[in-house]
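*Asks:* below are the sequence and a predicted model for it; my questions follow.
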Amino acid sequence: MRAAILIAVMSAVTVLLRFLPFLIFRNNTPPYIIYLGKVLPPAIIGMLVIYCLKDVSFSANSHGLPELIASVFVIGLQVWKRNTLISILTGTIIYMLLIQSIF
């Protein structure tokens, strides 16, 4: 019973936080919120890329080649298709295939 109450409260808080900006701003969205909506997603993706590549060892056996090859595929697909999901999914698959079969 206690777990169900906890889950219900956490769900309510999550839903409230998701809808709160829409309730607060209604039709008058401030320019800085629009700016943050445009700037933050690429910034977060950039930080995730740096975080994922921070531990790549260029002195190890593979010399960072799987990471470099997968990154080139992700960048190329993103420039070509402009679809983040396809780019990241394909890069992940290529990286895993390289790690499992070649390196």
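*Replies:* Now that the structure is in, tell me what you want to look at. Numbers count the residues shown, from 1 in each chain.
*Asks:* spit out the contact partners of residue 75.
*Replies:* residue 87 (Cβ atoms under 8 Å, 6 or more residues apart in numbering). For glycine as for every other residue, the C-beta is placed from the backbone atoms N, C-alpha and C.
*Asks:* how near is it to residue 9?
*Replies:* 43 Å (Cβ to Cβ, to the nearest Å).
*Asks:* now residue 60
*Replies:* Residue 60 sits 47 Å away from residue 9, going by Cβ to Cβ.
*Asks:* same question, residue 69
*Replies:* Per Cβ to Cβ, residue 69 is found 46 Å from residue 9.
*Asks:* okay, those two: which has more neighbours?
*Replies:* A count of neighbours by other Cβ atoms under 10 Å puts residue 69 above the other of residue 69 and residue 9, at 17 against 10.
*Asks:* can you say which helix or strand has that one in it?
*Replies:* Residue 69 belongs to helix 65-81 when assigned by DSSP states H and E.
*Asks:* check the contact between residue 66 and residue 103; I expect there is one.
*Replies:* Yes: with contact defined as Cβ atoms under 8 Å, residue 66 reaches residue 103; the gap is 5.2 Å.
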